[in-house]
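Engineer: This is a predicted model, with the sequence first.
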Amino acid sequence: MQAISAPTPSNSNSTKAQNNSETHADRPTELRYEAEAIKDIHAVALRIVEHSFPIEFVLAGELAQMETFAIPRIAKLLHRTRQYEDEGVKRLDDTKATMYSIFTTPAGHKDREQMITHLNWVHSHYDIHNDDNIYTLIRMFLHPIEWIEKWGRRPLNEDEKQALAGELNVIAKQMKIENMPVNYEAMQAWQQKYREQNQTYHPDNLAVSKGMIRAIEQHFPRVFRPLIKPTVLTLLDNETLVEALGFKTPSLLAKALVKTGLTSWKYASRLYNPWSHRKFSNGWFVNYYPSYANEPGGFNLCKVGPKKLLTARDKQEMRCPFH
């Protein structure tokens, strides 16, 4: 019987070298496909933010902050820094600037990279639980989706929802947030479980929420300010959430008036969308930063964050890396 010989070392090494060569040759192609996919995802998300649903996105994104205040662990940190209670207008400005610097520019763009680098520097000074970061980021995207489902001129389609989820994963990776759910359905399931485990009333929730409502009131003439609190609580449209924040549910009259206004907007936006061919971020609202009115040149990226932290940085003569 003829013996079957094993492959010689030279044959084995030759095969391995060929496989390695193929693997290295494929890697640039894989990276290119990945970059193109990320670019496509951002294009879909950008269309939603800038053109299709800009009002819904910015209002729901700002209101999403209130949802995080119902988590005592988050509220405790915010109450300690007193950002909303002592400098709420600035905090609202910072949040808006963060949203538009990140959401309207793709990964790799200077504006996004600088904002995320700065945010990572700010967050590095606080002990923030990874799950709290996940929840905060998820609500910044999913609350607008839920808002559009109720009050937009049409619901988002499946591709749009998954594109937003994909964009969220890109941002989470840049912000070094781990274990982000990979798609829209997983995010929904994750946030539901998180709320069941963490959402409950605590006095800090109420203190921080009152600070944000006072900050919103500062944007309106005094005669309208008593209307802000019931309007905000009605816009949250979640009695369990409102109670966890420490408030009483708005009156039936307040709910009826606010929801009538939202319904009117829903049908009016079906007839006319002024941002279908121009960017919402070029308008006055996105570029209105009252807390930066005294800053030379207006908004200043290096001033984003708690004033105490920024003051400590300046005392140490640490220069802002973006100047």
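Structural biologist: Everything's here; your move. Residues are numbered from 1 along each chain as shown.
Engineer: What are the boundaries of the helices in the stretch 51-200 of the chain?
Structural biologist: Along the stretch 51-200 of the chain, the stretches classed as helices by DSSP state H, counting those that start in this stretch are 54-68, 72-81, 83-103, 110-123, 130-151, 158-174, 184-198.
Engineer: which helices and strands sit right next to the third one?
Structural biologist: Of the remaining helices and strands, those touching helix 83-103 by 3 or more C-beta pairs under 8 Å, 6 or more residues apart in numbering; DSSP states H and E are helix 54-68, helix 110-123, helix 203-217. Yep, even glycine has a C-beta here, placed from its N, CA and C like the rest.
Engineer: These: which one's closest to residue 43?
Structural biologist: In terms of C-beta to C-beta, the element of the helices and strands packed on helix 83-103 nearest to residue 43 is helix 110-123, at 14.4 Å.
Engineer: So what touches that closest one?
Structural biologist: With C-beta atoms under 8 Å, 6 or more residues apart in numbering as the test, helix 110-123 has contacts from 97-98, 101-102, 105-106, 133, 171, 174-176, 301-302, 304-306, 309, 321-322.
Engineer: burial of residue 150, as a residue count?
Structural biologist: 14 (other C-beta atoms under 10 Å).
Engineer: Hmm, I typed the wrong one, I wanted residue 303.
Structural biologist: Number of residues near residue 303 (other C-beta under 10 Å) recorded here: 18.
Engineer: if I look at it, how far off is residue 270?
Structural biologist: As judged by C-beta to C-beta, to the nearest Å, residue 303 and residue 270 stand 40 Å apart.
Engineer: Residue 86 now?
Structural biologist: According to C-beta to C-beta, residue 86 stands 42 Å off from residue 270.
Engineer: can you give me the offset of stretch 141-151 from its chain's centre?
Structural biologist: Centre-to-centre, stretch 141-151 and its host chain are 13 Å apart (C-alpha atoms, centre = their mean, to the nearest Å).
Engineer: Check the model's average confidence along it for me.
Structural biologist: Here stretch 141-151 scores 93 as its mean pLDDT.
Engineer: just stretch 295-309 next, same as before
Structural biologist: Mean predicted lDDT for stretch 295-309 stands at 86.
Engineer: buried residues in it?
Structural biologist: Of the residues in stretch 295-309, 299, 301-306 count as buried by neighbour count, 16 or more other C-beta atoms under 10 Å.
Engineer: how about low-confidence regions in the stretch 1-150 of the chain?
Structural biologist: Filtered on pLDDT under 70, the stretch 1-150 of the chain yields the residue ranges 1-38.
Engineer: hmm, try it at 50
Structural biologist: Residues of the stretch 1-150 of the chain that meet the criterion pLDDT under 50 lie in 1-25, 29-33.
Engineer: Kindly report the same for the stretch 201-323 of the chain.
Structural biologist: 323.
Engineer: What is the neighbour count of the closest residue to residue 177 other than its chain neighbours?
Structural biologist: Excluding its sequence neighbours, the residue lying closest to residue 177 (C-beta to C-beta, 6 or more residues apart in numbering) is residue 133, at 4.7 Å. For residue 133, the neighbour count with other C-beta under 10 Å is 18.
Engineer: Pretty sure residue 133 sits against residue 175.
Structural biologist: Yes. Counting by C-beta atoms under 8 Å, residue 175 is a contact partner of residue 133 at 7.3 Å.
Engineer: dump the residue contacts of residue 148.
Structural biologist: 53, 56-57, 60, 155-156.
Engineer: Check the residues you listed for burial and list the buried ones.
Structural biologist: Applying 16+ other C-beta under 10 Å to these flags 53, 56-57, 60, 156 as buried.
Engineer: Can you tell me which of those lies closest to residue 210?
Structural biologist: Nearest to residue 210 among these is residue 60, at 20.8 Å by C-beta to C-beta.
Engineer: Identify the residues contacting stretch 162-179?
Structural biologist: By C-beta under 8 Å, 6+ apart, the residues outside stretch 162-179 that reach it are 37-38, 40-42, 44-45, 48, 102-103, 107, 112-113, 116, 119-120, 123, 130, 133-134, 137-138, 141, 145, 156, 180-184, 187.
Engineer: same thing but at 6 Å, please
Structural biologist: Outside stretch 162-179, the residues that touch it by C-beta atoms under 6 Å, 6 or more residues apart in numbering are 38, 41-42, 44-45, 107, 116, 130, 133, 137, 141, 180, 183-184.
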